Every structure is written in C-alpha cells, then in structure tokens.
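[1] Would you be able to build a 3D model of this:
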Amino acid sequence: MPIPFFQTPTVKMIMIGFLTLFLLIPLQFVKDLISERSQRKNEVIKEVSEKWGSSVYFYGPILKVPYTEANSQTYKYAYLFPEKLENQTTVETKPLNRNIYNATVYTAEMNFKGSYVKPDFDIQNIPAGNIHWDKATILIQTTNLKSIKDQVDITFGGKPYTFEPIYNSNSGYEALETAPINMAGATFPTSFDFKIKYDGSQLIKIVPIGKTTEMSMKSNWHSPGFTGNFLPNDKTKVISDDGFQAKWKVLHINRAFSQQYFNTLPDLSKYAFGVNFIVPVDEYQKNERVSKYGFLVIGLTFLTFFLIQSISKIRIHIFQYCMIGIALVLFYTLLIAITEHSSFRLAYILSGLAVVLMISLYSFSILKNPKFPLLIGTSLSALYLFIYIIIQMENYALLVGSIGLFIILGLVMYLSRKIDWNSN
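    Model (predicted):
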C-alpha cells in the first residue's frame with residue numbers, strides 16, 4: 001500500500017523544519033521583551049541613582065598660584081600637583097528599591113593627606129616678584145557636588161581653610177576652591193589633609209596627581225570592577241562575599257604627565273582609576289543568554305518527538321507539534337516574569353518544571369505509552385539543566401557547550417541508526 005504523501009518521513013521533516021523556523025518569530029518577540037524590560041530597569045536605576053548621587057570623579061587637590069608676565073597685569077595661573085598624595089576610602093553600599101527594580105548606591109568617605117614641595121618657576125622664566133603667593137588657592141575638580149554630605153575643610157600648612165563650590169567653564173567639571181591663602185614666606189614641604197563624604201552610585205575614580213599616589217579602599221561590595229588606567233596590587237587585594245579591600249600605588253614614572261602646569265590645567269581623566277559598583281551580570285542579561293538557546297531547545301525537542309514517532313509508528317499531527325513549540329516559547333516569558341519578582345535560579349526552576357510537566361502530560365495524551373512521555377520529560381529536563389550550567393560559566397561556556405552538543409548529536413545518530421527512512 002502506498003504511503004500518503006503527507007505521511008512520508010521527508011515531508012514530515014520538512015514541515016517540522018518550517019515550524020521550527022516559524023517559531024523563531026515569537027522567540028524574537030521574547031528577546032525584544034527582555035531588551036525592553038532591561039532598558040526600563042536601566043532607566044529606573046539611572047533616575048534613582050541621580051536622585052541619590054551620581055558617580056564620583058576626583059581630580060585634586062591642586063595648588064593654584066597666580067602670576068603675571070612682564071609688562072602685563074593679567075593673571076595667569078600655575079597648577080602644582082602634590083609631591084605625595086595618600087587616600088583612604090571607605091565605601092558602604094546598599095540597595096535602593098523602586099517598584100520591582102533595585103539600584104545599588106553607596107556612601108563613600110574619602111580621607112586625603114599629602115604634601116607639596118616648592119615649585120620651580122624658573123623653567124618658565126617667571127621672576128619671583130611676579131608670583132602672587134598671597135593669592136594662592138587649593139582647587140579640586142570633581143563631580144556630584146550636590147551629594148557631598150558635609151562641609152569640606154582642608155588643613156593646609158597647619159591652618160584650616162574651607163572649600164567653596166565653583167563651576168569651571170573651561171573643563172566642564174564642577175569644582176571646589178578655597179579662598180586665597182597667603183603663602184608669602186611659606187616653608188616647603190607644606191602638608192595638607194582633608195576629608196570629603198559623598199552619596200554616590202556606580203563608580204568612584206581618582207586621578208593620581210601625586211608624584212607618589214597611594215590609595216586604599218575598603219567596602220562591603222562583593223563584586224568590584226576595578227577600572228581605569230591602573231589596577232590594585234594583587235598581593236594586597238582581598239575579595240570575598242563580605243566585601244573587598246584593595247590598594248593602589250602609582251609613581252610619577254607610571255603616567256605621562258608632569259607635576260606642574262602653567263596657564264592651562266590639563267584634562268587627565270584618561271589616567272584616572274577606581275572601582276565600578278555596577279552588578280556585572282544582572283537578571284536580564286541571564287534571561288537574554290538563555291533565550292539565545294531557544295532554537296536549540298525547540299529543535300532538539302521536535303527531533304525527540306520525531307524519532308519517537310518514527311520508532312513507535314505513532315502519528316503526531318503538525319498541530320500537536322505547534323502546541324509543543326508554543327509551550328517551549330512560553331518558558332522564556334515565564335522566566336522573565338518570575339525573575340522580576342524573585343531570583344533567577346528560582347524562576348528558572350519554576351519555569352522549567354511548569355513547561356516540562358505540561359509537555360509531558362500533553363505527550364502522554366498523544367503517545368499513550370508512559371515510557372515515551374517519561375523519556376521526553378527526562379530529556380527536556382536534562383536539556384534545561386545543561387543550558388543552566390552553561391550560562392553560569394564564563395571562561396568554559398563555549399567548551400562545555402560544544403562538548404555537550406557533540407554528545408547529543410552522537411546520541412541522536414545512535415538512536416536513529418536502525419530506522420528505515422524509506423518505509424512508513
């Protein structure tokens with residue numbers, strides 16, 4: 001008896017292949033949904049962070065000394081960097097909740113001390129009488145002035161001075177500057193110390209303007225991202241679930257700028273270093289990575305049903321394949337919906353159990369024999385577990401994934417070796 005055209009193995013495989021490709025359309029919609037929710041989260045976090053306090057960039061303290069050139073009454077300025085700059089920073093992070101989103105913010109207390117040596121004005125041929133030491137000031141370029149918690153005072157040469165906010169139109173940065181300090185007859189080296197307390201978010205970076213710059217940071221943040229032009233000392237760096245401690249030491253020979261500038265203060269932001277407090281991989285990134293395996297899950301599940309159909313001679317209608325495919329796509333919408341109200345791990349377990357149970361019960365009504373639904377449920381569970389293991393890995397994800405797919409292909413070849421593809 002001839003085989004009906006639509007029941008031939010070749011036609012079945014073509015129809016299942018087209019259905020698999022068709023299901024990529026709703027799968028792409030799911031990926032767009034993940035991107036949209038992720039963007040919404042970033043917008044909320046940005047809004048919350050800006051109200052609490054933005055990232056901190058610190059460039060200072062700089063000794064600013066006015067001078068005049070011959071036959072000119074117009075002030076120009078010499079910008080002098082410290083001989084030694086030491087910083088100790090303590091950062092306490094905490095989450096801020098808004099609706100279903102969490103933003104990580106911090107309170108940072110930064111303590112600075114150091115000293116200046118006498119600058120060399122002779123290299124610019126500036127006579128001593130043209131240097132206005134009585135009008136010297138201390139300058140700090142920074143960001144996030146609105147979130148400084150207390151008045152900022154500096155002890156310079158044993159005397160206290162107070163910083164006032166200014167805006168530097170040339171640099172575009174906010175700044176703090178003291179009133180004029182009378183340094184006429186001052187002795188060098190001249191020491192200083194001060195502290196500044198910020199409410200901030202995301203990032204702390206400082207410019208190593210000391211001829212020797214030493215910085216230490218301690219925080220309760222468990223996953224710091226060390227960023228910028230210099231990394232902390234590996235021998236003293238400690239990272240644990242309770243937080244981290246890190247130390248930096250930057251010498252003047254490690255960066256390509258000098259200790260004094262005349263007339264113009266350079267932008268040295270490219271030499272800054274610090275710590276990033278953003279979560280390295282958030283829940284939406286995990287959802288996105290899982291969704292990339294959607295085609296693999298749909299394809300292998302359909303292949304399993306097709307092999308069972310071919311071995312058992314049970315007919316499975318294309319509509320039934322369609323219902324199974326839609327259930328597999330719904331896994332990803334369940335995953336992102338539950339993730340937003342719990343952890344990714346719990347969401348993955350609940351979504352996986354729901355889909356595996358639904359497809360197993362549905363396949364029992366189709367295949368009748370209990371061993372086939374059990375095989376499908378076991379295979380799908382193993383596949384979801386395999387994908388979960390892969391996305392938890394970083395360095396070995398490609399290796400493990402490739403080996404896993406190689407083993408799956410070998411199993412399919414082994415199970416299909418005795419199927420007569422020319423018969424019904």
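
[2] tell me the mean pLDDT over the top helix by length along the chain?
    Within the chain, and with DSSP state H defining each element, the longest helix by residue count is helix 24-52. Looking at helix 24-52 alone, the average pLDDT works out to 83.

[3] Against which helices or strands is it packed?
    Packed against helix 24-52, as judged by 3 or more Cβ pairs under 8 Å, 6 or more residues apart in numbering; DSSP states H and E, are the following elements: strand 84-98, strand 101-116, strand 190-201, helix 283-291, helix 294-312, helix 318-339. From N, CA and C alone the C-beta is placed, and that goes for glycine too.

[4] Figure out which of those is closest to residue 236.
    strand 84-98 (13.4 Å; Cβ to Cβ).

[5] Same question for the longest helix of the chain: list its buried residues.
    Going by neighbour count (16 or more other Cβ atoms under 10 Å), the buried part of helix 24-52 is 26-27, 30-31, 33-34, 37-38, 41, 44-45, 48-49, 51-52.

[6] and of the helices and strands packed on helix 24-52, who's closest to residue 347?
    Between the helices and strands packed on helix 24-52, helix 318-339 lies closest to residue 347; by Cβ to Cβ that is 3.7 Å.

[7] Residue 138 pairs with what?
    In this structure, residue 138 has the following beta-bridge partners (DSSP bridges): residue 63.

[8] and the gap between it and residue 79?
    Taking Cβ to Cβ, to the nearest Å as the measure, residue 138 falls 11 Å from residue 79.

[9] quick one: average pLDDT of whatever helix or strand residue 390 lives in?
    When elements are defined using DSSP states H and E, residue 390 is found to belong to helix 371-392. Averaged across helix 371-392, pLDDT comes to 85.

[10] One more: stretch 347-359?
    Here the mean pLDDT over stretch 347-359 is 91, rounded to a whole number.

[11] CA atoms only for that stretch, dumped as CSV, please.
    Extracted C-alpha coordinates of stretch 347-359, given in CSV (Å, rounded to 0.1, in the frame of the first residue of the first chain):
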residue,chain,number,x,y,z
ALA,A,347,12.5,31.5,38.3
TYR,A,348,14.4,29.0,36.1
ILE,A,349,13.4,26.1,38.3
LEU,A,350,9.7,27.0,38.4
SER,A,351,9.5,27.9,34.6
GLY,A,352,11.3,24.7,33.7
LEU,A,353,9.1,22.5,35.9
ALA,A,354,6.0,24.1,34.5
VAL,A,355,6.9,23.5,30.9
VAL,A,356,8.3,20.0,31.4
LEU,A,357,5.2,19.0,33.3
MET,A,358,2.9,20.5,30.6
ILE,A,359,4.7,18.9,27.7
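
[12] buried set for it?
    Buried positions in stretch 347-359, judged by neighbour count with 16+ other Cβ under 10 Å: 347, 348, 351, 352, 354, 355, 356, 358, 359.

[13] Over to stretch 357-367?
    Those would be 358, 359, 360, 362, 363, 364, 366, 367, for stretch 357-367 by 16+ other Cβ under 10 Å.

[14] residues in contact with it?
    Counting contacts by Cβ atoms under 8 Å, 6 or more residues apart in numbering, the residues outside stretch 357-367 that touch it are 301, 305, 308, 312, 314, 316, 320, 323-324, 327-328, 370, 372-374, 376-377, 380.

[15] Now, of those, which are buried?
    Buried by 16+ other Cβ under 10 Å: 301, 305, 308, 316, 324, 327, 328, 372, 373, 376, 377, 380, out of the contacts of stretch 357-367.

[16] Out of these, the closest to residue 93 would be?
    residue 328 (38.9 Å).

[17] For that closest one, give me its contacts.
    The neighbours of residue 328, taking Cβ under 8 Å, 6+ apart as the test, are 23, 294, 297, 298, 301, 355, 359.

[18] Apply 10 Å and report the result again.
    Contact criterion Cβ atoms under 10 Å, 6 or more residues apart in numbering gives 23, 26-27, 294, 297-299, 301-302, 355, 358-359, 380 as the residues in contact with residue 328.

[19] hmm, back to that, name the nearest of the buried residues of stretch 347-359 relative to residue 110.
    Taking these together and measuring to residue 110 by Cβ to Cβ, the closest member is residue 347, at 38.8 Å.

[20] gap between the closest one and residue 39?
    Residue 347 is 20 Å from residue 39, by Cβ to Cβ.

[21] cool, and residue 208?
    Distance of residue 208 to residue 39, computed by Cβ to Cβ: 36 Å.

[22] again with residue 213
    Shown here: residue 213 relative to residue 39, a distance of 38 Å by Cβ to Cβ.

[23] Could I get the phi/psi values of the residue lying closest to residue 68 once chain neighbours are set aside?
    The shortest distance from residue 68 to any residue other than its chain neighbours is 4.9 Å, reached at residue 130 (Cβ to Cβ, 6 or more residues apart in numbering). Backbone geometry at residue 130, expressed as degrees, to the nearest 10, gives phi -90, psi 0.

[24] From residue 21, how far off is residue 130?
    79 Å.

[25] More neighbours: which of the two?
    For residue 130 versus residue 21, the count of surrounding residues by other Cβ atoms under 10 Å is larger for residue 130: 15 against 12.

[26] Next, the contact list for that one, please.
    Shown in contact with residue 130 (Cβ under 10 Å, 6+ apart): 66, 67, 68, 69, 70, 72, 76, 121.

[27] Turn the residues you listed into CSV, including distance to residue 265 and neighbour count.
    Formatted as CSV, the contacts of residue 130 follow (distance: Cβ to Cβ, whole Å; neighbours: other Cβ atoms under 10 Å):
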residue, distance to residue 265, neighbour count
66, 13, 18
67, 14, 21
68, 18, 16
69, 18, 15
70, 23, 8
72, 20, 9
76, 12, 16
121, 16, 18
